[in-house]
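Q: generate coordinates for the sequence data below:
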Amino acid sequence: MDLDLRKLRYFVAVAEHRHFGRAAEQLYIAQPVLSRQIRAFEQELDCALLVRTTRSVELTAAGKRLYEEAQGILPAVDAAVRRVQDADRGVQRLVVAFSPGLHVSEAIRAFASRYPDVETGIIPVRWWDPDAPLRDGRAQIGYLRRPFDDSGLQTISLGHEPRVACMPATHPLACRTQLTRADLDSERMLDMPTRRTSSLEEKFELIASGHGIALVPLSVARSYSRPDLVHLSVSDAPRVETCLAVATDRREKLLLDFLEIATATLRH
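A: Sure thing, here's the model as predicted:
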């Protein structure tokens, strides 16, 4: 079957708002029309996506999976349309994906000074799936933090950064100046695969609420600094590698020149 992208966008709006009325307002359509479209979508997929009650809308297991898949499908489609339009208009564009906490602006400024006619764009990546924009075509270059799947990618190491322990300012360990991993053995850690958060904002909100401690790269802790959290150095925690990544079959001069410029400006 063919996936109806219009219905998929309708479903994503409902999934994000968990409310048909607010989703319909965002989409500028009537609520009964939206309800009919979602039911038709469920029939086409032959599975229930939503659990509807008089007071709430929740996602089924299939709905949760489709919502996750849509995070890659819709941006990839939008990027493909943009590339087609760029080709029609003769526009050259370079899009860089970057991991949370990493700053690529210095490299983009240096590149723009050499290629003022090339339009540049940036895409923040999901921390648990950083190489996705390189594989679905949304970005040509990645400024990423390991670990990620580097199969089919050429990578250039830029350096390493320390991990720090992020915890509530009221935590008993918060008064320390430095920790070791042994100090954290009895602590609840939010980095476990069983508690994957959907965003860093959610992770830091959980930490501030007392749900656990997380080991995060120093640049991430600094980017999400808040007064109710502290981050402490962990002397024996493994450092995190940062690198540039590009598909191995991409050899355009524009990309190679950006790699050269970015390596020189971002390497620490």
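
Q: which parts of the stretch 101-250 of the chain are helices?
A: Here the stretch 101-250 of the chain has its helices, by DSSP state H, counting those that start in this stretch, at 105-114, 132-136, 200-208, 218-223.

Q: which of these is buried the deepest?
A: Among the helices of the stretch 101-250 of the chain, helix 132-136 has the highest mean neighbour count (mean count of other CB atoms under 10 Å), at a mean of 21. Where you see a C-beta, it was placed from the backbone N, CA and C, and this is true even at glycine.

Q: give me the mean pLDDT for it.
A: Across helix 132-136, pLDDT averages out at 89.

Q: okay, it in CSV with CA atoms only?
A: Extracted C-alpha coordinates of helix 132-136, given in CSV (Å, rounded to 0.1, in the frame of the first residue of the first chain):
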residue,chain,number,x,y,z
ALA,A,132,19.7,9.6,10.5
PRO,A,133,19.8,12.9,8.6
LEU,A,134,22.8,11.7,6.7
ARG,A,135,21.1,8.5,5.7
ASP,A,136,17.6,9.9,4.7
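
Q: same for it, what does it pack against?
A: helix 61-89, strand 93-98, strand 141-145, strand 240-247 (3 or more CB pairs under 8 Å, 6 or more residues apart in numbering; DSSP states H and E).

Q: for the ones you listed, which one sits closest to residue 186?
A: Smallest distance to residue 186 across the helices and strands packed on helix 132-136 (CB to CB): 24.0 Å, for strand 240-247.

Q: now that closest one against strand 93-98, angle please.
A: Computed with axes from the mean of the first three to the mean of the last three CA atoms, to 10 degrees, the direction of strand 240-247 lies at 150 degrees from that of strand 93-98.

Q: strand 240-247 - what's its average pLDDT?
A: Across strand 240-247, the per-residue pLDDT values average to 95.

Q: please shift the residue numbers so they start at 196 in all later answers.
A: Yep, numbering from 196; the last one is strand 435-442 now.

Q: buried residues of it, list them for me.
A: 435, 437-442 (16 or more other CB atoms under 10 Å).
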